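structure for this input, please:
(2 chains)
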Amino acid sequence: MNNHYVVDKHLDCKINLSEHDAISIDVKRDAKACIFFKTSTGTKSTINVELQENAVCEMFGFFKNKSFDTDIKTIVVHHGKKSKCNQDFRFINKKSNTSFEGKIVIPKHITGCESHMLNKNILLDNQSDAFSKPELEIHNDDTICTHGCTIGALDEEHLFYLQHRGLTYDQAVEVLIQGFTHNRVRRFYD
Amino acid sequence: MLEIKNLQVEIQDKKIIDGLDLTVNKGEVHAIIGTNGCGKSTLANALVGKNDYEAKGTVTLSGEDILAMDITERAKAGLFMSFQSPPSIPGITNYKLVQHYSTEVQKYKQDIKSLNLLDDWASREFNEGASGGERKKNELLQLLQANPKIVILDEVDTGLDVDALKTVSKIVNEYKSKYGWIVISHNTKVLKELNPTFVHIISNGKINETSDVTLLDRIDKQGFANE
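Below is the predicted model of the structure:
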C-alpha cells in the first residue's frame, strides 16, 4: 500500500506496517511529526521522509519478530535548512531475519541540520539474522549527524543474575527485552 | 544446613575445584580466603548453579539435593549470592525485582534507609547509574528481603569505600544469627571486620586449612603458606 502523509503543522501517529508498504512523509516548514512503527505480520517496507526548513521528524520502530521477517528501508532527505530527524529502530528476532537500511541525505547548501539514526538488534536464537546498513550522504560541514548499530544476543550474565534472583528463564528473558526497548530518547519532540 | 562433600567443579574441561568439603550451619560465618585464581569465586558460582559450571559431588541444603536444581530453584531453596560485580539492568525497577521474594513494602523502605540508599531507590531502574558501593548495598537490600538460608558474599569489598564497608559489616553482624554465611575475599582486613567463626584457606581447588579468626593474623604475617 502507498501512504502519503503531508504534515503542515503536527502529526503524532502509530503505523502498523503490512506486508508491502511504501510510506512517504512530507514534513513542511516548521512542522513536526512523530511516528511509531510496528508490524504484526512481517513487512518489506520503505519509508521516505522529506524535510523542509526547520521541520522535525522523529521515527521509532519496535519490531518483535517471531517466525516472520522484517525489512525496513528509510530514506530521509533534508531539503530545508535547520531541519531535524531522529530515527530509532529496534528488532527482536526469534526464528526471524531482519534488515534495516537507513539513508540520510543532506545536500550542499542545506546548513544547520541535525540527523540521528540508531538501529539495535537482539537475536534470541541461532536461526535468526540481522542485517544493518547505514548510508550517509552529507555534503556540508555545518551538520550534526550520528549513526549507530548493535547486533547481539541477550547478555548471559544478566540472565544468570535475574534467574539467581528467583525469576524463571522465560521471565528473565522478558525483563531483558523490556529493557532493550526502553530508554528511547525523544530528541526534538515535546 | 549446607553440606558440601567432595565437590568437584570443571569449567570447559578444566578442573578448578577438586574434592572440597564444607559444612555451614545457621549463625556461622565462614571466611574463604586464598590466592587469585584458587577457585573461591568458582565455588560461589558453582553453588548457585551458573551455566557451564560442571559440578559433581554432593551438595545439600536442609537435606535437599542442590546440584539437581536449576538456578531459579536453588535461589528459591534458600541460596543467596551477593555478586562480585552486580550488573545494571534497565527495564525493571529495584523494587519490582525484589517483589519476587517479598511484598513487605514497609520493611523494604526501612531497609533502604538503614543502608543509606537514596530515598527514591525503589522506583529507580535496577542499578542504573549506581556507583559500585550503591550496587553492593543493593545486593544487601535484596538479601534482607529474600531472607535466605545461606548467604554467599563474593568479594564483598570490591568497589566499597570505608563507609560502605562499615555498613556491610554492620549488616553481617546484625543478621549473623539468622543465616549461614560464606564470605569470599582476599582481603584479611575486611574479613576481620566481619568477625568470622571459621577461616578456610583454599588452594589447589580444596580447603587446605581451617582455623578460627587468628588464622587471618598469621596470613597477614606470613602469607598463605603454612610453614
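
how about the residues of chain B near chain A?
Taking CB under 8 Å from any CB of the partner chain as the contact definition, chain B meets chain A at B:48-51, B:70-72, B:74-76, B:81, B:83, B:86-87, B:89-92, B:97, B:100-101, B:125, B:142, B:146. (C-beta placed from N, C-alpha, C; glycine too.)

okay, A:Asp190: pLDDT?
Model confidence at A:Asp190, given as pLDDT, is 59.

ok, A:Met1 next?
70.

wait, isn't it in contact with A:Asn16?
No: taking CB atoms under 8 Å as the definition, A:Met1 is not a contact partner of A:Asn16, at 11.3 Å.

tell me where chain A has helices.
A:156-164, A:169-181 (DSSP state H).

out of those, the one nearest chain B is which?
Among these, helix A:169-181 comes nearest to chain B, with 2.6 Å by CB to the nearest CB.

pairing partners for the residue nearest the centre of chain A in the sheet, please.
The centre of chain A sits closest to A:Phe89, judged by CA atoms, centre = their mean, with a distance of 2.3 Å. Going by DSSP bridges, A:Phe89 is paired in beta bridges with A:Gly61, A:Asn119.

before we move on, what about the one 5 residues further on?
Counting by DSSP bridges, A:Lys94 forms beta bridges with A:Lys66.

do the same with B:Val29
B:Trp181.

is it in contact with B:Lys178, as I believe?
No: contact criterion CB under 8 Å: B:Val29 and B:Lys178 do not qualify, at 11.7 Å.

near chain B, which residues of chain A show up?
Proximity of chain A to chain B, by CB under 8 Å from any CB, involves residues A:155-158, A:160-169, A:175-183.

who's in contact with the nearest residue to B:Arg135 once chain neighbours are set aside?
Residue nearest to B:Arg135 in three dimensions, not counting chain neighbours: B:Pro86, with 4.3 Å by CB to CB, 6 or more residues apart in numbering or on different chains. Neighbour list for B:Pro86: A:Tyr161, B:Asn127, B:Arg135, B:Lys136, B:Asn138, B:Glu139 [criterion: CB atoms under 8 Å, 6 or more residues apart in numbering or on different chains].

A:Phe188 too?
A:Phe188 makes contact with A:Lys32, A:Val56, A:Glu58, A:Lys84, A:Asn86, A:Glu114 under the criterion CB under 8 Å, 6+ apart.

what about those residues, which are in strands?
Using DSSP state E, A:Lys32, A:Val56, A:Glu58, A:Lys84, A:Asn86, A:Glu114 are the members of the contacts of A:Phe188 that sit in strands.

mind putting the residues you listed into JSON lines with neighbour count?
As requested, the ones in strands among the contacts of A:Phe188 are exported to JSON lines (neighbours: other CB atoms under 10 Å in any protein chain shown):
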{"residue": "A:Lys32", "neighbour count": "19"}
{"residue": "A:Val56", "neighbour count": "22"}
{"residue": "A:Glu58", "neighbour count": "22"}
{"residue": "A:Lys84", "neighbour count": "22"}
{"residue": "A:Asn86", "neighbour count": "23"}
{"residue": "A:Glu114", "neighbour count": "18"}
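
count residues in the vicinity of the nearest residue to A:Thr39 once chain neighbours are set aside, would you?
In space, and not counting its chain neighbours, A:Thr39 is closest to A:Leu17: 4.4 Å by CB to CB, 6+ apart. Neighbour count for A:Leu17, taken as other CB atoms under 10 Å in any protein chain shown: 23.

what of B:Thr103?
So B:Thr103, with other CB under 10 Å, has 11 neighbours.

same deal with A:Lys103?
16.

contacting residues for it?
So A:Lys103 contacts A:Lys73, A:Thr74, A:Ile75, A:Val76, A:Glu135, A:Leu136, A:Glu137 (CB under 8 Å, 6+ apart).

just the buried ones out of the residues you listed, please.
The neighbour count (16 or more other CB atoms under 10 Å in any protein chain shown) marks A:Lys73, A:Thr74, A:Ile75, A:Val76 as buried among those.

farthest pair in those residues?
Between any two of these, the greatest separation by CB to CB is 10.9 Å, found for A:Lys73 and A:Val76.

overlap of the contact sets of those two?
A:Gly102, A:Lys103.

chain center to stretch B:167-183: distance?
10 Å (CA atoms, centre = their mean, to the nearest Å).

straight-line length of that stretch, end to end?
End-to-end span of stretch B:167-183 (CA to CA, to the nearest Å): 15 Å.

what comes into contact with it?
In this structure, residues lying in contact with stretch B:167-183 by CB under 8 Å, 6+ apart are B:1-2, B:22, B:24-32, B:43-44, B:47, B:115-116, B:136-137, B:140, B:143-144, B:147-153, B:156-157, B:160, B:191, B:193-196.

where does B:Leu47 sit: helix, strand or coil?
Classification of B:Leu47 using DSSP: H, G, I helix; E, B strand; the rest coil returns helix.

what's the burial count for the residue in chain B positioned nearest to chain A?
Here chain B gets closest to chain A at one residue, B:Gly91, 2.6 Å apart by CB to the nearest CB. Counted with other CB under 10 Å, residues neighbouring B:Gly91 total 18.

and A:Arg187, by the same measure?
13.

do the same with A:Ala130
23.

surely it and A:Leu123 touch.
Yes: with contact defined as CB under 8 Å, A:Ala130 and A:Leu123 form a contacting pair (6.2 Å).

give me the common contacts of these two.
In the contact map built from CB under 8 Å, 6+ apart, the residues linked to both A:Ala130 and A:Leu123 are A:Asn93, A:Ile151.

tell me the spacing between B:Lys76 and B:Ala146.
Per CB to CB, to the nearest Å, B:Lys76 is found 10 Å from B:Ala146.

same check, this time on B:Ala130
19 Å.

same question, B:Gly34
27 Å.

and if you look at B:Lys113?
Distance from B:Lys113 to B:Ala146, by CB to CB: 19 Å.

cool, B:Ile32 as well?
21 Å.

over to B:Lys189?
Here B:Lys189 is placed at a distance of 28 Å from B:Ala146 (CB to CB).

more neighbours: which of these two?
Taking neighbours as other CB under 10 Å, B:Lys189 and B:Ala146 compare with B:Ala146 leading, 19 against 11.

which non-adjacent residue is nearest that one?
B:Tyr101 (4.5 Å).

pLDDT wise, what is that neighbour at?
Looking at B:Tyr101, the pLDDT reads 76.
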